[in-house]
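> The sequence isn't on hand, but the structure is:
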C-alpha cells in the first residue's frame, strides 16, 4: 500500500540574528553620538566674581535711578495734563450752558413768531438740520430785528467756541493718555531693574555676601578719605580768604582817618550772604530731620523719599521751589565747582545725572541713596560726580 502524502506545510526558517545586530548597531551609534555631543558642548559660563557682581548690581541700581527719574517726569507731566483736561472740561460745560441759553433765546423768538403767524423764517432756521447754511440767506437776516440778529450772532459765537473747546479737550485727553502710558512703562522699567538686582544678590552664598560687604566698606573708606581731603582743601582756602580779608580791613582802617565812608560798602553784600546762609541752614535742618527714613522710588515725603524728592522737599522748606527731576534741578541756579561747594548746594552724579544729594560740608552730603537703604550722610565721592549747583 503506497504511503500517504503529508499535508503539513514545511516550516520556514526565521532569522533572528539580523534585527538584533541592527538594534545593537543603532544603540552603539547613539552612544557614540551622545559622547561626541558631550565632548563638543560649550562649557558653562564661569561664575562671576564678587567684584563683577558688585559692579553689575551698582549698575542696575543706577539704571533703576534713571528709570525713576523718567517715572517722576512722566508722573509730573500726567498730573499737569490732568489739570489742563479738568479745566478744559469745565470750560466746555460752561460754554454748553451758554450755547443752550442762546438756543433758548432763539426758541423764544420762534415761539413768538409762531403766535403771530410769522413762523416761517426763524422757525425754519431754528429747526433746520444745518442752521449755519441758513444764515447765508440774506432774506432771513433782513427780516430780523436788531435784537434777533444779536441773538443769532451770540448763538453762532457760542456754538463755535464750544466746538473749539471740545476739540482742545479731546486733544488734551489724548496727551494725557500718552503721559499715562509713559508712566506705566517707566514704572515697569524700575521694577524690572530692581528685580534683576535682587535676584542677583539672592544667589550669593553667605561667604560671597560677606565679601561683597567688605568691598562696600572699602569703597566707603576710599570715598571718606577723598571727602576728608576736600575738607582740608576747603578749610585752607577759607583760612586764606579770611587772612586776606583781615589784611584788607586792617589796611582800610589805617588809611580811613576821616571815617566818612564807614559802613557804606558792605550792607548789601552782607544781607545777601546772610539770606543765602539762612536758606542753606533751613535746607540742612530739614534734610537732617529725614535721616533714617526709607528710600522709595517716586516718593516725595513725608515718610519716604527718592533722591530728587528729598532735595525738592528740603529746598521747599527754605521757601524755594525747585523742579521735580534731577535733569531739571541741574539746570537751575548757579553752577559750582566741587572745591567751592557750600552747605545746601546740590551735587549730581553719573553721566546721565540720575542721582542727587545735598552738600552738608566737609565733603559729605545727605541723600536718599537707593532701594533698601535709608536717607543718610555719605561722602560725595561714593559715586562719580557730574556737577553741582547752588539753587538760590
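Good, I have the coordinates. These numbers come from a predicted model, not from an experiment.
> where in the chain is pLDDT low?
Low-confidence segments of the chain (pLDDT under 70): 1-45, 109-110, 112-148, 255-272.
> quick one, helices of it?
17-40, 50-116, 120-127, 131-135, 138-143, 146-202, 206-255, 267-289, 307-317, 326-329 (DSSP state H).
> how far away is residue 249 from residue 236?
20 Å (CB to CB, to the nearest Å). In this view, the C-beta of every residue, glycine as well, is placed from N, C-alpha and C.
> likewise residue 392?
27 Å.
> okay, these two: which has more neighbours?
residue 392 (17 against 10; other CB atoms under 10 Å).
> doesn't residue 320 make contact with the more buried one?
Yes: at 4.8 Å, residue 392 counts as touching residue 320 under the criterion of CB atoms under 8 Å.
> so residue 103 touches residue 155, yeah?
Yes: taking contacts as CB under 8 Å, residue 103 lies within contact range of residue 155: 6.5 Å.
> so what's residue 224 up against?
Shown in contact with residue 224 (CB atoms under 8 Å, 6 or more residues apart in numbering): residue 379.
> Give me the common contacts of residue 392 and residue 320.
Joint contacts of residue 392 and residue 320 (CB under 8 Å, 6+ apart) are residue 279.
> What is the neighbour count of residue 152?
23.
> Help me confirm that it comes into contact with residue 106.
Yes: the pair formed by residue 152 and residue 106 meets the contact definition of CB under 8 Å, at 6.9 Å.
> With adjacent residues omitted, what lies nearest to residue 376?
Here the nearest residue to residue 376 in space, its sequence neighbours aside, is residue 291; by CB to CB, 6 or more residues apart in numbering that works out to 6.0 Å.
> got the contact list for the one you found?
366, 374-377 are the contacts of residue 291 under CB under 8 Å, 6+ apart.
> Select from those residues every entry located in strands.
Of the contacts of residue 291, the ones assigned to strands by DSSP state E are 366, 376-377.
> Considering these, which possesses the most neighbours?
residue 366 (22 neighbours).
> Please determine how far the spatially closest residue to that residue that is not a sequence neighbour is located from residue 375.
Leaving aside its sequence neighbours, residue 366 sits nearest to residue 287 (CB to CB, 6+ apart; 4.2 Å). Distance, residue 287 to residue 375, using CB to CB: 8 Å.
> Ok, residue 92 next?
Taken as CB to CB, the span from residue 92 to residue 375 is 45 Å.
> Next: residue 291.
Taken as CB to CB, the span from residue 291 to residue 375 is 5 Å.
> Touching both of those two, which residues are there?
residue 366.
> can you list residues touching both of residue 287 and residue 375?
310, 366.
> Looking at the two, which has the bigger crowd around it?
residue 287 (27 against 22).
> Isn't that one up against residue 314?
Yes: with contact defined as CB under 8 Å, residue 287 counts as touching residue 314 (4.7 Å).
> Can you check which residues contact both of these two?
Common contact partners of residue 287 and residue 314 (CB under 8 Å, 6+ apart): residue 358.
> in stretch 374-385, what's buried?
375-376, 378-383 (16 or more other CB atoms under 10 Å).
> now stretch 324-342
Residues of stretch 324-342 classed as buried: 324-330, 332-333, 336, 338, 341 (neighbour count, 16+ other CB under 10 Å).
> Equivalent analysis for stretch 296-311, please.
Buried positions in stretch 296-311, judged by neighbour count with 16+ other CB under 10 Å: 296-301, 304-311.
> So for that stretch, first residue to last residue, what's the gap.
Start-to-end span of stretch 296-311 (CA to CA, to the nearest Å) is 14 Å.
> Can you give me the neighbour number for residue 215?
For residue 215, the count of nearby residues is 15 (other CB under 10 Å).
> shift numbering so it begins at 886
OK, 886 is where the count begins now, so the last one is residue 1100.
> residues touching it, list them.
Neighbour list for residue 1100: 935-936, 939 [criterion: CB under 8 Å, 6+ apart].
> got it, and residue 1230?
Taking CB under 8 Å, 6+ apart as the test, what residue 1230 contacts is 1221, 1243-1244, 1273-1276.
> out of those residues, who's nearest residue 1236?
residue 1273 (15.0 Å; CB to CB).
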